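Chemist: please work out how this folds:
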Amino acid sequence: MEMTNPLQETIQTATTGIIKHLSAHKTATSWQLKVKLRLSSSVLYLALGQLLAQDKITLEADGINYIVTWGKKTVQSSAKAPAFQAQL
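Modeler: Presented below is the predicted three-dimensional model:
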């Protein structure tokens, strides 16, 4: 039987709380999650990193916080970016 350490359990609990919150609200700031779930900054960012690595959330910088959105962001682009042309 594999034992987990207390930090792993805390991160898993935080991850579960973030998933529940985002499932209901779709988006939140990192500060809102930190305060609502009563998480330390370290645990918050470890949990967010885990969810980001699993492609369950997207993060967008917003000043000193991040906007956390449930689900993978899809890029929709109908126009191609202009090609770089070197001028000699």
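Chemist: relative to residue 18, how far out is residue 40?
Modeler: 14 Å (CB to CB, to the nearest Å). Where C-beta positions appear, they are placed from N, C-alpha and C, glycine not excepted.
Chemist: between those two, which one's more packed in?
Modeler: Using other CB atoms under 10 Å as the criterion, residue 40 and residue 18 rank with residue 18 on top: 25 against 11.
Chemist: per-residue confidence at residue 4?
Modeler: If you check residue 4, the pLDDT there is 75.
Chemist: what do you get for residue 70?
Modeler: 96.
Chemist: surely it meets residue 33?
Modeler: No - with contact defined as CB atoms under 8 Å, residue 70 does not count as touching residue 33 (11.6 Å).
Chemist: more neighbours: these two, which one.
Modeler: Neighbours were counted for residue 70 and for residue 33 using other CB under 10 Å; residue 33 has more, 21 against 18.
Chemist: the more buried one reaches residue 44, doesn't it?
Modeler: Yes - counting by CB under 8 Å, residue 33 does reach residue 44; the two are 6.3 Å apart.
Chemist: where's stretch 56-68 relative to the chain centroid, distance-wise?
Modeler: Between the centre of stretch 56-68 and the centre of its chain there are 6 Å (CA atoms, centre = their mean, to the nearest Å).
Chemist: please disregard the earlier target; I meant stretch 16-35.
Modeler: Counting by CA atoms, centre = their mean, stretch 16-35 comes out at 9 Å from the chain centroid.
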